[in-house]
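> based on what follows, work out the 3D shape:
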Amino acid sequence: MDEDLRERLRAAAASHRPDRARMLARIERGMAQESPARPARPPRTPMPWLRVAGATAAVCGVLTAGAFAVTSTAGREQPAGGQRVAAEPSSAASATPSPRRGGALPAEDGPLTSKGSLNPNSNDYWAQSEVTVTTARTLSALTVELRIALNGGVNSTGSWRSLPEEDFVVSAREDGGYLVYRWTLKQGRSVPAGTHTFAGQYNHAEGTRDTGRDDYTARGRGRATGEQTSVGGDFGARR
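The predicted model follows:
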């Protein structure tokens, strides 16, 4: 190449001003056509130390809750010595039946005679136990007690007596494994000579109830003589 040609090429190169904007646009178009689409990035997973920290926190929470539950339960059921405290059973369910009292007394004593019986209208769900007291003299004091053993789902439904209601203090309670009815003559009142009935009524479990442990007592005092008399008995082992 001669010197003249070189000189013209240098002059042309020196005078050339490239269009930068057009060049950049062409480069970007070429890159967009040649580069494949970038795949979507999957969700970022937590760093391993974060997973460990989370698991540790969960375990600590469970242990704390467990310790709280144990502490609360121990506070309710155990004393300081660590012995477990059992709930006290009700007196009706756990009491040892009292020894028979009516059977230890005679059915007749002085002016008093007595008899225990089950009313014939009693049925498979309900019963009425009756104490019949006969006195040959007027009494200034009289207490009649009827005891129904708490067997077969016994619960009181009421009571009555053939003598005036206002003459007696009446109670019904559970005591020593028995449902106890008591009629006590009020001070200043009297019981005339004759036959008088005292009755306790109660529901019981379905079927015929055993009355073998039931009993009664009656204690009186003669108005004229002040004589103390006591009678008692039972109702037999009726089934």
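> rest of the way, CA atoms for contacts and neighbours
Noted.
> roughly how far apart are Leu163 and Gly200?
14 Å (CA to CA, to the nearest Å).
> more neighbours, these two?
Using other CA atoms under 10 Å, the more surrounded residue of Leu163 and Gly200 is Gly200, with 25 against 14.
> so who does that one touch?
Gly200 is in contact with Gln128, Ser129, Glu130, Leu146, Ser156, Gly158, Ser159, Trp160, Tyr181, counting by CA atoms under 8 Å, 6 or more residues apart in numbering.
> residue ranges of the strands in this protein, please?
For the chain, the strands defined by DSSP state E occupy 108-109, 112-118, 126-135, 139-149, 155-161, 168-175, 178-185, 194-203, 215-222, 228-234.
> which of these sits closest to Arg8?
strand 155-161 (132.8 Å; CA to CA).
> packing partners of that closest one?
strand 178-185, strand 194-203 (3 or more CA pairs under 8 Å, 6 or more residues apart in numbering; DSSP states H and E).
> quick one, that strand and strand 178-185 angle?
Between strand 155-161 and strand 178-185, the angle comes out at 20 degrees (axes from the mean of the first three to the mean of the last three CA atoms, to 10 degrees).
> list the contacts of strand 155-161.
Ala172, Leu179, Tyr181, His196, Thr197, Phe198, Ala199, Gly200, Gln201, Tyr202, Asn203, His204.
> which residue packs closest to the fifth one, ignoring adjacent ones?
Think Thr197. Leaving aside its sequence neighbours, Thr197 sits nearest to Thr132 (CA to CA, 6 or more residues apart in numbering; 4.6 Å).
> would a markdown table of the contacts of strand 155-161 with pLDDT and distance to Asp215 be doable?
As requested, these are exported to a markdown table (pLDDT from 0 to 100; distance: CA to CA, whole Å):
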| residue | pLDDT | distance to Asp215 |
| --- | --- | --- |
| Ala172 | 97 | 15 |
| Leu179 | 98 | 11 |
| Tyr181 | 98 | 11 |
| His196 | 98 | 17 |
| Thr197 | 98 | 15 |
| Phe198 | 98 | 13 |
| Ala199 | 98 | 12 |
| Gly200 | 98 | 12 |
| Gln201 | 98 | 14 |
| Tyr202 | 98 | 15 |
| Asn203 | 97 | 17 |
| His204 | 96 | 17 |
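> closest one of the residues you listed to Arg137?
His196 (12.6 Å).
> count the neighbours of the closest one for me.
His196: 16 neighbours (other CA under 10 Å).
> quick check: bridge partners of it?
Under the criterion DSSP bridges, His196 forms beta bridges with Val133.
> so it versus Lys186, what's the distance?
16 Å.
> what do you get for Gly232?
Plainly put, Gly232 is 21 Å away from Lys186 if you go by CA to CA.
> when the two are compared, which one has more neighbours?
Legend: neighbour count by other CA under 10 Å for Gly232 and Lys186, higher for Gly232 (27 against 15).
> spatially, which two of the contacts of Gly200 are the most separated?
The widest separation within those (CA to CA) is 14.0 Å, between Glu130 and Ser156.
> comparing these two, which residue is more hemmed in?
Taking neighbours as other CA under 10 Å, Glu130 and Ser156 compare with Glu130 leading, 22 against 19.
> doesn't Thr197 make contact with the more buried one?
Yes. Using CA atoms under 8 Å, Glu130 is in contact with Thr197, at 6.7 Å.
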